[in-house]
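Student: Prediction below, plus the sequence it came from.
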Amino acid sequence: MNQRPSCDLCGLPVPNPPVTRSFSGKSFRFCCTGCRQVFRMISEMAGSTEPEDFRNTDLFKQCRALGIIPASPDPIGNEKVPRVPGVSEDLANETGTRLDHSLPLTLKLTDMWCPACAWLIETVLKNQPGIGSARCHFETDRLWVNYDPIMTSPKDIVSSIEKLGYQAVVPGEVEEKLHSRRMFIRLMICLVLTANIMMLSFSVYSGFFTDLSKESVWTIAWPMCLMACGVLVYGGQPIYRKAFSAFKSLALGMETLITMGAFTTFLYSLMNLVAGNIHLYFDTASMLITLTLLGKTLEKKVKGRVHGDMDAFYALQTGKARILSQAWPKGRYVYLDSVSEGDCVGVESDETVPVDGIIHQGTGLVDESMLTGEPRPVRKRPGDALTGGTRVLEGELQFTVTATGKASYLGRMIEIMEAGVRKKFSAEQYAERMLKWFVPAILLLALGTGLGGYFLGLTLDLAMIRAVTVMVIACPCALGIAIPLVRVAGISIAGKKGILVRNFEAFENVKSVDTFVFDKTGTVTLGSWDLIKIVPAAGYTESMLLQIALGLEKDSDHDIAFAIRKYAARNPVSQVELDSVNPYPGGVSGRFNGYEVKIGSAEFLEKEKLNTREDIPVPEWTPDVLYSNVYLGINGGIAGVMVFGDRLRKDAVSTLEKLKNEGYSLFMVSGDGQEITRNVGERLGISKASGGKLPEEKAVLIDTLREKGHQVVMVGDGMNDAPAMGKANVGMAMVNKSHLGRESADITLVHGRMETIHAFLTLGKKVRGKIRQNFWFSFLYNFISIPLAMSGVLTPLIAVTAMLASSLTVITNTLLLFRKQDSL
């Protein structure tokens, strides 16, 4: 059989007759008019009509990645789509196979009814070609996928999910609202039908006490049967789809139990109706479906509160930005994926800043509360940084883009939070292993209950009712969401407080901590070495000394030189040219107007044998400033002092005092000298302060403490302290915006407030308490309810109500975390 010719663009088989078009005198065949149009555009932009010339270009690969060009069943082996900058590799390393040219995809799912749904979606997707990894999270209704755009596409992934009975949309899309509306309409119809069935059932039940003719039973029962059919066929549709998909994938869940219970009671009632028997349970079958829909509707609403705070971070991401250019001086709106670093963007009052940038024109009042936790608006001026997700309250600003997408501050925050949600910890993995065998065990138990009761003398209908009750009451949902739901709540609450959780195990590990080790610079201090004041000697002026210092440090990349230039930007002076500028250890020397000038430490100037002056005033030290003096010498004498300083964080003293009062041991380590480290330690009440330590030596200290039996939290800057954090039980990083995402820590504190350390300890205690409460409630519920169902004490109606109440109890208990979050 001859193979059909393939499309000259995508490689798919062409129809008969094919779509053709001539370019540069050569005829080409295409599978569709779309490929023909795309071929024309790519060939014009690539400057060639030969497919071999442009199939390896980035333009062609991006068209594949975006789904503009369909993926060929026989993909070109050498094609690779460039990685998207800023995309974390954590997801790809979690599950599945790493694809060098993979692209990430995040989807929000609907219609997931229990944790088994997430497992089913993961299992099916990971077995599909082109899927490198898949991670589905039930509590946040989110799916993270790494896929090969050459072999598959987002459309194919969504289609595969929909075939399983679920809906997938990009987070925040309107389709989710439409789905919620459809679900509500389905519930209302089922409620009306079930209410009428229950009303007619009372008439049938009266037959147990009065004589009803066969004709009367038929007259009442057949309408009940027809309405029950409506409930089961229409109302139970989403339940059956999931049950069938779960059965095919051998991942039985709650839907399997509900489906079997509802159909068993319906078919048994139908047989009794045909036989003229009064034992009818159409109401039970209908109530199983209706109460399940009701419970899941309520559960979805309550769950929305749990991860609503996380969705608030997604809502901060705007979809478009107003680009300013010479061609468009008033700006034109473009999608964010078209915005690049260096572009000029404009924002006005009541607009959300779309990307990170530096203001170059305009002033305004900006609300940064969602990202920083500070309720007071901040006045922004040219030269100040703007962060994507903040809101302009007044003014008009123009700024130069410095970061977009996942590379932006907000993007990195969201990525860290998502990574924390994705990663499961040991207790949760144990619960999932239990769930794998839970439903099959319950089905066997229900079958044994029914058969055992029948052979022990129960009537068929009583034996059947007991079996159905066991199936319905033993829902795995409460156990499945007991731990993960608290995890999502804890991470979202922490995020609002400026605490980004990379590793949820930190909530568990922090319970046994007895020791805190703090880095100094950038942790207990602000880490910004600034020139605070210039103190001139008699006969000299501040501006003259600043001019000389600028000339000496013009080409230096030292922290002191940077601080001098920063000070000069706030206090402008004219530039002066110096001759013979030479750097030395501890200082710099040069010549100005024929005089020798020097800048450096006291040791450097003493070595240079400059005369000292005792009449140079130096400001008094204040408790929150760490001073260091740099001296200026002119013509053999001291001409002035430049006072540099790093400030303690304003809440450092109170936070450390609180930790000390609660019994924690406090240590401080720093790469700075021993004397300044000891002085800082004394101001903070830390007696065990050690300076001059390299990162590796800090890690050795952590090892030593742990060998002595201490449980240690290391608090540092997240980069230089990475070795020590890796050795500690819990690593906390106090980082600034520019470093966010590059730190190595379990916990990242982004608001720059040390009080969030204590807030995390308090939140960790509450989170651990909720996990224990939910887990034990779920265990005791099943331990008590299943024997009661087997003994016949409970009916199916009571069972389904108890089952739904158990899930709602776990969710409501988790919601209590939000009640006192402001007190953290």
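Tutor: Thanks, I have the structure now.

Student: Using the record's domain definitions, break this protein down for me.
Tutor: Residue ranges for the domains of the chain, per automatic domain parsing: 1-82, 90-173, 184-299, 314-417, 424-498+763-824, 499-520+650-750, 530-647.

Student: tell me the helices in the stretch 601-750 of the chain, going along the chain?
Tutor: 602-607, 652-661, 674-684, 695-707, 722-727 (DSSP state H, counting those that start in this stretch).

Student: May I see the buried residues of the fourth one?
Tutor: Neighbour-count burial for helix 695-707, counted by 16 or more other C-beta atoms under 10 Å, picks out Pro695, Lys698, Ala699, Leu701, Ile702, Leu705. C-beta here means a position set from N, CA and C on the backbone, and glycine is covered the same way.

Student: Nearest to Lys497, out of the residues you listed: which one, please.
Tutor: Lowest distance from Lys497 to those (C-beta to C-beta) belongs to Ile702, with 25.9 Å.

Student: Could I get the contacting residues of Met271?
Tutor: Shown in contact with Met271 (C-beta atoms under 8 Å, 6 or more residues apart in numbering): Asn277.

Student: What's the mean pLDDT across the helix or strand that contains it?
Tutor: In the assignment (DSSP states H and E), Met271 maps to helix 254-275. For helix 254-275, the mean pLDDT works out to 81.

Student: what do you get for stretch 168-178?
Tutor: For stretch 168-178, mean pLDDT is 60.

Student: returning to what we had before: output the domains of the chain in TSV, with distance to Thr756 appended to each entry.
Tutor: Formatted as TSV, those follow (distance: least, C-beta to C-beta, whole Å):
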stretch	distance to Thr756
domain 1-82	38
domain 90-173	23
domain 184-299	32
domain 314-417	9
domain 424-498+763-824	6
domain 499-520+650-750	5
domain 530-647	18
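
Student: looking at these, which one has the lowest mean pLDDT?
Tutor: domain 1-82 (a mean of 60).

Student: hang on, isn't Ala489 packed against Leu817?
Tutor: Yes. Applying C-beta atoms under 8 Å as the test, Ala489 and Leu817 come out as touching, 5.0 Å apart.

Student: Common neighbours of the two, please.
Tutor: Val767, Lys770.

Student: who's more crowded, these two?
Tutor: It is Ala489, of Ala489 and Leu817, that has more neighbours when counted by other C-beta atoms under 10 Å, with 28 against 20.

Student: by contact count, what packs against the helix or strand that one falls within?
Tutor: Element membership for Ala489, per DSSP H and E: helix 484-496. On a contact count with 3 or more C-beta pairs under 8 Å, 6 or more residues apart in numbering; DSSP states H and E, helix 484-496 meets helix 282-306, helix 308-315, helix 409-422, strand 499-501, helix 755-791, helix 796-819.

Student: let's see it at 7 Å
Tutor: Contact partners of helix 484-496 among helices and strands, from 3 or more C-beta pairs under 7 Å, 6 or more residues apart in numbering; DSSP states H and E: helix 282-306, helix 308-315, helix 409-422, helix 755-791, helix 796-819.

Student: And the ones you listed: which comes nearest Val735?
Tutor: Proximity to Val735, assessed across these by C-beta to C-beta, is greatest for helix 409-422 (10.0 Å).

Student: Any idea how far apart the tips of stretch 531-549 sit?
Tutor: 12 Å (C-alpha to C-alpha, to the nearest Å).

Student: wait, I meant stretch 381-396
Tutor: By C-alpha to C-alpha, the extent of stretch 381-396 from end to end equals 11 Å.

Student: tell me which residues in it are buried?
Tutor: Neighbour counts over stretch 381-396 (16+ other C-beta under 10 Å) mark Asp384, Leu386, Thr387, Gly388, Gly389, Thr390, Arg391, Val392, Gly395 as buried.

Student: Would you convert the residues you listed into CSV that also reports distance to Lys533?
Tutor: As requested, the buried residues of stretch 381-396 are exported to CSV (distance: C-beta to C-beta, whole Å):
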residue, distance to Lys533
Asp384, 23
Leu386, 30
Thr387, 30
Gly388, 36
Gly389, 36
Thr390, 32
Arg391, 36
Val392, 34
Gly395, 32
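
Student: neighbouring contacts of stretch 361-370?
Tutor: For stretch 361-370, contacts defined as C-beta atoms under 7 Å, 6 or more residues apart in numbering pick out 316, 374-375, 377-382, 387, 389-398.

Student: relative to helix 796-819, how tilted is the helix holding Ala489?
Tutor: Here helix 484-496 points in a direction 20 degrees away from that of helix 796-819 (axes from the mean of the first three to the mean of the last three C-alpha atoms, to 10 degrees).

Student: Alpha carbons only: can I get helix 484-496 in PDB?
Tutor: Only the C-alpha atoms of helix 484-496 are listed here, as PDB (Å, rounded to 0.1, in the frame of the first residue of the first chain):
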ATOM      1  CA  PRO A 484      -3.400  17.900  51.800                       C
ATOM      2  CA  LEU A 485      -6.100  20.500  52.500                       C
ATOM      3  CA  VAL A 486      -4.200  21.700  55.600                       C
ATOM      4  CA  ARG A 487      -1.000  21.900  53.500                       C
ATOM      5  CA  VAL A 488      -2.700  24.200  51.000                       C
ATOM      6  CA  ALA A 489      -4.200  26.300  53.800                       C
ATOM      7  CA  GLY A 490      -0.900  26.600  55.600                       C
ATOM      8  CA  ILE A 491       1.000  27.600  52.500                       C
ATOM      9  CA  SER A 492      -1.500  30.200  51.400                       C
ATOM     10  CA  ILE A 493      -1.800  31.800  54.900                       C
ATOM     11  CA  ALA A 494       2.000  31.800  55.100                       C
ATOM     12  CA  GLY A 495       2.200  33.500  51.700                       C
ATOM     13  CA  LYS A 496      -0.100  36.300  52.900                       C
END
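
Student: burial measure for Leu187, as a count.
Tutor: For Leu187, using other C-beta under 10 Å, the count is 18.

Student: Repeat that for Ile473.
Tutor: For Ile473, the count of nearby residues is 27 (other C-beta under 10 Å).

Student: I'd say it and Ala789 touch.
Tutor: Yes. Using C-beta atoms under 7 Å, Ile473 is in contact with Ala789, at 4.8 Å.

Student: hang on, the earlier thing: could you single out the most deeply buried of the helices of the stretch 601-750 of the chain?
Tutor: Mean neighbour count, computed with mean count of other C-beta atoms under 10 Å, is highest for helix 722-727 among the helices of the stretch 601-750 of the chain, reaching a mean of 22.

Student: so what does that one touch, helix or strand wise?
Tutor: For helix 722-727, the elements it packs on are helix 695-707, strand 712-716, judged by 3+ C-beta pairs under 7 Å, 6+ apart.

Student: the inter-axis angle of the helix holding Met271 versus helix 796-819?
Tutor: Interaxial angle of helix 254-275 relative to helix 796-819 (the same axes, to 10 degrees): 150 degrees.

Student: ok so, going back, any chance of the helices of the stretch 601-750 of the chain in TSV with distance to Trp776 as columns?
Tutor: Formatted as TSV, the helices of the stretch 601-750 of the chain follow (distance: least, C-beta to C-beta, whole Å):
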stretch	distance to Trp776
helix 602-607	65
helix 652-661	31
helix 674-684	41
helix 695-707	31
helix 722-727	33
